[in-house]
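> Can you look at this prediction? I've put the sequence above it.
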Amino acid sequence: MDLTFNKNEDHNKLLLSDLRKKLTQIKLGGGTKGIEKHHAKGKMTARERIAYLLDEKKPSIEIGAFAGDGMYKEHGGCPSGGVVVKIGYVKGKQCIVVANDATVKAGAWFPITGKKNLRAQEISIENRLPIIYLVDSAGVYLPMQDEIFPDKEHFGRIFRNNAVMSSMGITQIAAVMGSCVAGGAYLPIMSDEALIVDKTGSIFLAGSYLVKAAIGETIDNETLGGATTHCEISGVTDYKAKDDKDALDKIKNIVSKIGDYDKAGYNREKSTPPKEKQEEIFGIIPKSRAEQYDMLEVIKRLVDDSEFEEYKEGYGKTILTGYARIDGWAVGIVANQRKMVKSKKGEMQFGGVIYSDSADKATRFIANCNQKKIPLVFLQDVTGFMVGSKSEHGGIIKDGAKMVNAVANSVVPKFTIVIGNSYGAGNYAMCGKAYDPRLIVAWPSAELAVMSGNSAAKVLLQIETASLKKKGETITPEVEQELYDRIKARYDEQISPYYAAARIWTDAIIDPLQTRTWISMGIEAANHAPIEKPFNLGVIQV
């Protein structure tokens, strides 16, 4: 191993260490004092509930752990969006679990909470995956009600989805393990089966104080909407549990009796680990996002037996396409090659840039995978499409549009891993969030933006200096440097993978060594949902 490899390894392992520290803090939710108060009520935390529910010796993945990170500071923050979402196994059956974290503002819904819940339901709908809700929420966070209540993708969409999912035959199970008030009361009752925990669970459209204010009736919350009321009088809930563990045990029993599902039929053989050492990924990925490296070496450390059957190897070399297996699943890989390559005409092409021939190759490969019913994996480290008169005259926009068309109309499940750069239209062509990947995750080395921080800062600096000069201000080199540094610092914050994950532009920031697990569990989830429509590119320019 050379010195550059060692420097890269040190840098990337430090990024991973930072990731782990941040996750450790986030997993405390509302903090140790909040957890202690929660335990004092005889309740398990959201994460404890999920850990007890999921099969202990099976893998699980967490969606949106960084949701809300660094947001809502004026409101005290909202760690993990106030809700924990995991895909795992209950009695051997793959499920998605959504648990309100009542240590964060009593489980109240911030705008990001709604977005995260909708993302969990989207995953359930796309994959026909059973979903379990562990409800413990005070409802909408009133100081921000205008950003969570009335719009199409707000709070009410959750209940609309409950109804649609039920009509699709997707199993929904809800356990009321704490407060469940106002509009939120519809979620568990619109599920297929609802449980409620005695003495700690409650469901009502209006609590005792509001009832007193509205109609003058004096009543306590337990009598108004506790477990006994809803299991014996109203019939709203189906099961009464004595405590959290009893409720979770009942859910396990219900799930254990669910019948088998119709499978999409994606090809899988026995899993074999990569022959190349996966840990070497940390030394391969460069410290600087501008440096070149061979993406093929990364692929060899992600796929079974390190075997990659490359498609059109000698053509369109700035995108790698080919077939492989990940944890036994057959996949088609579309990856940005990050080293300088020589084109068919003998010209040097920049790594990470999409040229006309690479876009053309990727389009055809995506079509092939759709025809063969092979899931697609996109490995992103892309700076965008090639610019300049030569590219424009050669029809780069047309070829790029073909690739975007193929990605958009693809009917096989897509999975996106943002390894490094994810800039501009390259993000779109390589199946960014707008193109419906079943899962999209970033490595700690990722950056997502319209363009790099350096390029954007230079453009913004030109605009700002021109504006100041129009006002008659003198721009010295020192002032210009200060402006540049300030602009770049602001932009760099926005291209961070944590900024993207906080807003659920990605589902997670992951340890690169967990990539195989994410893709494997994602394809297993997708296998629950048979393909319902043929692949059709529509109208494209040839």
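All right, it came through fine.
> Count residues in the vicinity of the closest residue to residue 180 other than its chain neighbours, would you?
Once flanking residues are discounted, residue 180 sits nearest to residue 203: 4.6 Å by Cβ to Cβ, 6 or more residues apart in numbering. Placement of C-beta: from N, CA and C, glycine included. Using other Cβ atoms under 10 Å, residue 203 has 26 neighbouring residues.
> repeat for residue 63
Residue 63: 22 neighbours (other Cβ under 10 Å).
> and the gap between it and residue 509?
Separation of residue 63 from residue 509 (Cβ to Cβ, to the nearest Å): 12 Å.
> show me what contacts the spatially closest residue to residue 71 that is not a sequence neighbour?
Distances taken as Cβ to Cβ, 6+ apart place residue 502 nearest to residue 71, at 5.8 Å, with adjacent residues excluded. Listed by Cβ atoms under 8 Å, 6 or more residues apart in numbering, the contact partners of residue 502 are 66, 67, 68, 69, 70, 71, 112.
> Can you select the buried ones among those residues for me in ChimeraX?
The ChimeraX selection below is limited to those of the contacts of residue 502 classed as buried (16 or more other Cβ atoms under 10 Å):
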select :66,67,68,69,71,112
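> In helices only, show me the contacts of residue 502.
Residues of these located in helices (DSSP state H): residue 112.
> quick one, phi psi at residue 332?
Backbone torsions for residue 332, taken as degrees, to the nearest 10, come to phi -110, psi 130.
> ugh, typo on my part, it should be residue 161
Dihedral angles (degrees, to the nearest 10) for residue 161: phi -70, psi -40.
> My understanding was that it contacts residue 123; is that so?
No. When contacts are counted by Cβ atoms under 8 Å, residue 161 is not listed as touching residue 123 (11.4 Å).
> Grab the CA positions of stretch 340-352 and hand them over as CSV.
Presented in CSV, the C-alpha positions along stretch 340-352 are these (Å, rounded to 0.1, in the frame of the first residue of the first chain):
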residue,chain,number,x,y,z
MET,A,340,-9.2,9.6,-16.8
VAL,A,341,-10.0,7.3,-19.7
LYS,A,342,-9.3,7.3,-23.5
SER,A,343,-12.4,7.4,-25.8
LYS,A,344,-12.9,5.3,-28.9
LYS,A,345,-11.5,8.3,-30.9
GLY,A,346,-8.3,8.3,-28.8
GLU,A,347,-9.3,11.4,-26.8
MET,A,348,-8.8,11.7,-23.1
GLN,A,349,-12.1,12.0,-21.1
PHE,A,350,-12.4,13.2,-17.5
GLY,A,351,-13.5,10.7,-14.9
GLY,A,352,-16.8,11.4,-13.2
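> Could you shift the numbering so residue one becomes 506, and keep it that way?
Got it, the first residue is 506 from now on, which makes the last one we talked about stretch 845-857.
> Give me the contact list for that stretch.
797-798, 819-820, 822-823, 841-844, 860, 862, 886-888, 891, 925-926.
> Let me have the contacts of residue 1007 in CSV, extended by pLDDT and distance to residue 1041.
CSV is the format used below for the contacts of residue 1007 (pLDDT from 0 to 100; distance: Cβ to Cβ, whole Å):
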residue, pLDDT, distance to residue 1041
571, 98, 36
572, 98, 35
573, 96, 39
574, 95, 39
575, 94, 42
576, 95, 40
617, 96, 36
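> nearest to residue 600, of the contacts of residue 1007?
residue 572 (19.9 Å; Cβ to Cβ).
> Now that closest one: closest residue in space, sequence neighbours ignored.
Nearest one to residue 572, counting by Cβ to Cβ, 6+ apart, is residue 586 at 3.4 Å.
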